[in-house]
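Visitor: sequence? don't have it. structure:
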């Protein structure tokens with residue numbers, strides 16, 4: 001079931017951004033706790049790491065796919081799953097003569113994961129959204145050292161499909177963050193924060209003092225959407241993780257591409273200089289959902305191409321935007337041109 005549908009119109013429609021295409025970090029699964037016992041420490045270690053692989057795979061699968069695909073998760077055998085993992089990073093390692101415990105980050109091979117999902121005809125998203133600014137509030141104010149704010153810095157949230165940015169809380173933020181009624185501010189008041197942190201929307205996340213519940217107010221240029229989360233027993237970390245997943249679900253509904261669906265369309269390409277045409281061709285070659293490009297005609301300032309692509313035209317437009325290409329319907333067809341340069345995020 002889709003959630004936060006109004007919120008999509010507020011900021012996810014603006015969310016795809018150059019520089020946030022699929023990357024290795026998106027395929028890293030941190031914080032997998034492993035624990036095994038055997039007749040030696042070495043054997044216990046091998047068993048523990050093997051037991052952690054399917055846990056990491058399920059977490060990655062659910063990160064990349066919409067909830068309605070979770071029941072179709074492929075379950076590769078142990079040898080196949082081991083080949084899908086490029087490397088492991090082991091932390092908090094403890095061992096005895098017969099027991100092994102650790103926290104492991106499993107780094108999956110993006111190509112292997114994508115190939116498996118495509119063979120299984122499972123829609124998935126391999127592009128990050130533009131970051132969203134989250135303002136965690138407790139007791140009516142923002143404190144970067146509060147347990148609620150710290151919960152939003154978890155690696156599982158930072159490496160999700162919708163990256164989270166937190167305010168610095170410095171003097172430049174205070175004209176906004178210091179206002180009374182922070183949780184109820186509208187876009188006019190929050191826009192300076194959005195501009196400073198280069199985000200398309202702001203999430204005001206207000207938690208109860210025990211961390212068992214939170215209210216998410218997603219604010220964008222066209223309005224506000226409010227969503228509530230409540231648990232009988234929880235923690236700030238678990239509630240923040242659930243809130244981040246809730247935000248990401250709508251992005252996956254928008255961005256998950258069905259690679260079993262292949263279509264064709266014709267587009268007019270417009271460019272100001274002949275030198276722009278090679279740049280457009282190069283960027284088209286980097287669009288993962290484009291399967292082929294046939295040039296039907298070309299002049300010094302325009303060309304007509306037939307594109308073979310996966311997914312929906314709207315998803316093709318999002319994927320084009322990741323490569324700084326502007327692709328949109330125009331006069332009964334489609335128009336393609338170079339887009340603006342990627343924003344400077346340094």
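Guide: Looks like it came in fine. This one's a predicted model, so the numbers in the text were calculated from it and none came from an experiment.
Visitor: Please give the element, helix or strand, for residue 278.
Guide: Taking DSSP states H and E as the criterion, residue 278 maps to helix 276-285.
Visitor: Output the contacting helices and strands for that helix.
Guide: strand 290-298, strand 325-330, strand 333-338 (3 or more C-beta pairs under 8 Å, 6 or more residues apart in numbering; DSSP states H and E). No exception for glycine: its C-beta is placed from N, CA and C like everyone else's.
Visitor: so of those, which one's packed in deepest?
Guide: Ranked by mean neighbour count, those are led by strand 333-338 with a mean of 18 (mean count of other C-beta atoms under 10 Å).
Visitor: Can you tell me what sits against that strand?
Guide: 265-271, 276, 279-280, 283, 305, 313, 320, 324-329 (C-beta atoms under 8 Å, 6 or more residues apart in numbering).
Visitor: Turn the helices and strands packed on helix 276-285 into JSON lines, columns for mean pLDDT.
Guide: Output for those, formatted as JSON lines (pLDDT from 0 to 100):
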{"stretch": "strand 290-298", "mean pLDDT": "93"}
{"stretch": "strand 325-330", "mean pLDDT": "91"}
{"stretch": "strand 333-338", "mean pLDDT": "92"}
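Visitor: want to throw the ones you listed into TSV with distance to residue 74?
Guide: Shown next, in TSV, are these (distance: least, C-beta to C-beta, whole Å):
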stretch	distance to residue 74
strand 290-298	22
strand 325-330	32
strand 333-338	34
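Visitor: Next, count neighbours for the nearest residue to residue 167 once chain neighbours are set aside.
Guide: Closest residue to residue 167 apart from its sequence neighbours, by C-beta to C-beta, 6 or more residues apart in numbering: residue 173 at 4.9 Å. By other C-beta atoms under 10 Å, the residues close to residue 173 number 18.
Visitor: could you list every residue that touches residue 173?
Guide: 167, 193, 196.
Visitor: same check, this time on residue 186
Guide: Counted by C-beta under 8 Å, 6+ apart, residue 186 has contacts 219, 224.
Visitor: can you do 7 Å?
Guide: Applying C-beta atoms under 7 Å, 6 or more residues apart in numbering to residue 186 gives the contacts residue 219.
Visitor: same check, this time on the one 10 residues further on
Guide: Remark: with contacts taken as C-beta under 7 Å, 6+ apart, residue 196 is in contact with residue 172.
Visitor: so how far is residue 134 from it?
Guide: The gap separating residue 196 from residue 134 is 14 Å, by C-beta to C-beta, to the nearest Å.
Visitor: just residue 242 next, same as before
Guide: Distance, residue 242 to residue 134, by C-beta to C-beta: 13 Å.
Visitor: Between these two, which is the more surrounded one?
Guide: Comparing residue 242 with residue 134 by other C-beta under 10 Å, the one with more neighbours is residue 134, at 25 against 14.
Visitor: Against residue 40, how distant is the residue nearest to residue 167?
Guide: The gap separating residue 173 from residue 40 is 54 Å, by C-beta to C-beta.
Visitor: Just the buried positions in whichever strand or helix holds residue 42, please.
Guide: Per DSSP H and E, residue 42 falls inside helix 41-64. For helix 41-64, a neighbour-count test (16 or more other C-beta atoms under 10 Å) marks 44-45, 47-49, 52-53, 56-57, 59-64 as buried.
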